[in-house]
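> this one's structure only:
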């Protein structure tokens with residue numbers, strides 16, 4: 001197995017989790033945004049991950065492809081918008097209130113966003129630990145070769 005390939009996998013996961021954390025932060029920052037350039041309230045964003053797998057489908061072929069350095073990783077398939085209608089609150093003094101005095105706010109639950117942020121942070125930390133462990137293995141390998 002390619003020792004540096006593990007770093008590629010963890011590196012792609014680090015990039016994906018960083019983007020996920022940025023999207024969650026954007027959702028939290030726009031939780032009260034009632035007007036966007038596109039019109040209407042801000043729409044909650046969500047990151048969709050996909051795997052970057054080798055072309056081989058059978059487990060044995062997959063092992064062979066990894067031994068040649070062809071390994072997978074994580075990629076961002078898309079950043080999608082939530083199409084929920086939003087929450088309506090009665091606030092007739094608000095500049096974006098409709099004729100009945102209701103304002104449509106984004107359907108963003110801070111608790112859900114914080115759990116998502118904790119998951120992204122934890123996954124980032126675990127991949128960072130994997131990179132550190134690999135660096136230790138490479139150092140040990142170089143020490144053995146001395």
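Done, it's in. Note that the coordinates shown come from a computational prediction; the quantities given were computed from them, not determined experimentally. Residues are numbered from 1 along each chain as shown.

> hey, let's count contacts and neighbours off CA atoms from now on
Noted.

> any weak-confidence spans in the chain?
Counting by pLDDT under 70, the chain has low-confidence residues at 1-3, 53-71.

> now do the helices in it.
Under the criterion DSSP state H, the chain contains helices at 3-29, 59-67, 110-145.

> out of those helices, deepest packed?
helix 3-29 (a mean of 18; mean count of other C-alpha atoms under 10 Å).

> list the helices and strands it packs on?
Counting by 3 or more C-alpha pairs under 8 Å, 6 or more residues apart in numbering; DSSP states H and E, the packing neighbours recorded for helix 3-29 are strand 45-52, strand 73-81, helix 110-145.

> for residue 16, find the nearest of these.
Minimum separation from residue 16 across these (C-alpha to C-alpha) falls at strand 73-81, 6.3 Å.

> in its sheet, what does the closest one sit against?
strand 45-52 (antiparallel) (DSSP bridges).

> ok, the most centrally placed residue in the chain to residue 130 distance?
Within the chain, one residue has its C-alpha closest to the average C-alpha position: by C-alpha atoms, centre = their mean, that is residue 20, at 2.6 Å. Residue 20 sits 19 Å away from residue 130, going by C-alpha to C-alpha, to the nearest Å.

> run a quick neighbour tally on the closest residue to residue 88 other than its chain neighbours.
The shortest distance from residue 88 to any non-neighbouring residue, by C-alpha to C-alpha, 6 or more residues apart in numbering, is to residue 104 (4.4 Å). Applying other C-alpha atoms under 10 Å, we find 22 residues neighbouring residue 104.

> what of residue 44?
23.

> stretch 83-91: how far from the chain's middle?
Its chain's C-alpha centre lies 26 Å from the corresponding centre of stretch 83-91 when counted by C-alpha atoms, centre = their mean, to the nearest Å.

> name the residues of that stretch that are buried.
Residues of stretch 83-91 classed as buried: residue 86 (neighbour count, 16 or more other C-alpha atoms under 10 Å).
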